[in-house]
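S.K.: need a structure here:
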Amino acid sequence: MATRHHEHHRSQRTGWLRAAVLGANDGLVSVGSLVLGVASAQASHASVLTAGIAAWIAGALSMAAGEYVSVSSQADTERADLEQERGELERHPDHERRELASIYVRRGLDAELADKVAGQLMAHDALGAHARDEIGISDTVAAKPLQAAWASAAAFTVGVVPPLLAIWLSPEQLLVPVVFAACLVCLGVLGAMGARTGGAPVLRGTMRVLFWGALAMLVTTGVGAWLGTGTAG
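M.R.: Okay, the predicted model is just below:
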């Protein structure tokens, strides 16, 4: 008895994966860096927590709005290309068939087979065939603004949880090292999860996220400490 063969590809995850990883990473790094900078400037425990919550709300809304606007622009471009292609198919169907066949010839089919394939695909779904093979638009990679916006806002919120919890649970004198350590651990987990989900090398993905996140937090902590010293003086 023949066994069924299933292949699991990751390209269908690119839309939400990009938004989720970017959102969570931004939540961790931006809010973690901000509260470290504020804490290093000798602010009170309550002030640091307030700054962290304000950064959470502003960041989540900013991420959602930014993703929605960006991906909506991409969706507008895709719609315009599809409308243009629909008009070309109505006005010049024979030319469009030859154009599609030439794409298949460049991919390795002989001219006769390429023409036959183009004809059959256009008979089934002409716009879909040209959208996929000429323009590069498919359901897998099509822009989805609302999905990207919600994923970014939700992921940002998830990323904000570790630094806010660290602020809430740690004593004021240990706030900086505890927040820094909590953010580093979570950045490592995030990098590993993102790499594994996307099929990339886990160590490389983890180290990349850790390096840039740690650099951002260290720089902001240093600036906060410098400003706090100047204010105190």
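S.K.: my read: residue 96 touches residue 88, true?
M.R.: Yes. Applying Cβ atoms under 8 Å as the test, residue 96 and residue 88 come out as touching, 5.7 Å apart. C-beta coordinates here come from the backbone N, C-alpha and C atoms, glycine included.
S.K.: more neighbours, these two?
M.R.: For residue 96 versus residue 88, neighbours defined as other Cβ atoms under 10 Å are more numerous around residue 96 (21 against 16).
S.K.: SS state for that one?
M.R.: helix (DSSP: H, G, I helix; E, B strand; the rest coil).
S.K.: from residue 133, how far off is it?
M.R.: Using Cβ to Cβ, to the nearest Å, residue 96 is found at 11 Å from residue 133.
S.K.: and for residue 76?
M.R.: According to Cβ to Cβ, residue 76 stands 22 Å off from residue 133.
S.K.: neighbour count for the two, which is higher?
M.R.: Under the criterion of other Cβ under 10 Å, the comparison of residue 76 against residue 133 puts residue 133 first, with 18 against 12.
S.K.: give me the pLDDT for the more buried one.
M.R.: Residue 133 is assigned 75 on the pLDDT scale.
S.K.: my guess is it meets residue 100, correct?
M.R.: Yes. With contacts counted by Cβ under 8 Å, residue 133 reaches residue 100, the gap being 6.4 Å.
S.K.: looking at the chain, which helix or strand is least sure?
M.R.: helix 14-26 (a mean of 68; mean pLDDT, DSSP states H and E).
S.K.: helix or strand next in line after it, which one?
M.R.: helix 32-40 (DSSP states H and E).
S.K.: quick one, whatever helix or strand comes next after that next one and helix 32-40 angle?
M.R.: Once helix 32-40 ends, the next helix or strand along the chain (criterion: DSSP H and E) is helix 45-91. If you take axes from the mean of the first three to the mean of the last three Cα atoms, to 10 degrees, helix 45-91 sits at 160 degrees to helix 32-40.
S.K.: by contact count, what packs against helix 45-91?
M.R.: Packing partners of helix 45-91 (3 or more Cβ pairs under 8 Å, 6 or more residues apart in numbering; DSSP states H and E): helix 14-26, helix 32-40, helix 93-106, helix 111-130, helix 145-169.
S.K.: gap between it and the chain center?
M.R.: For helix 45-91, the gap between its own C-alpha mean and the chain's C-alpha mean amounts to 11 Å (Cα atoms, centre = their mean, to the nearest Å).
S.K.: how about stretch 217-230?
M.R.: Distance of stretch 217-230 from its chain centroid, counting by Cα atoms, centre = their mean, is 29 Å.
S.K.: that one - what's its average pLDDT?
M.R.: Mean pLDDT, stretch 217-230: 88.
S.K.: which residues are contacting that stretch?
M.R.: Stretch 217-230 is touched from outside by 29, 32-34, 36-43, 176, 180, 183, with contacts defined as Cβ atoms under 8 Å, 6 or more residues apart in numbering.
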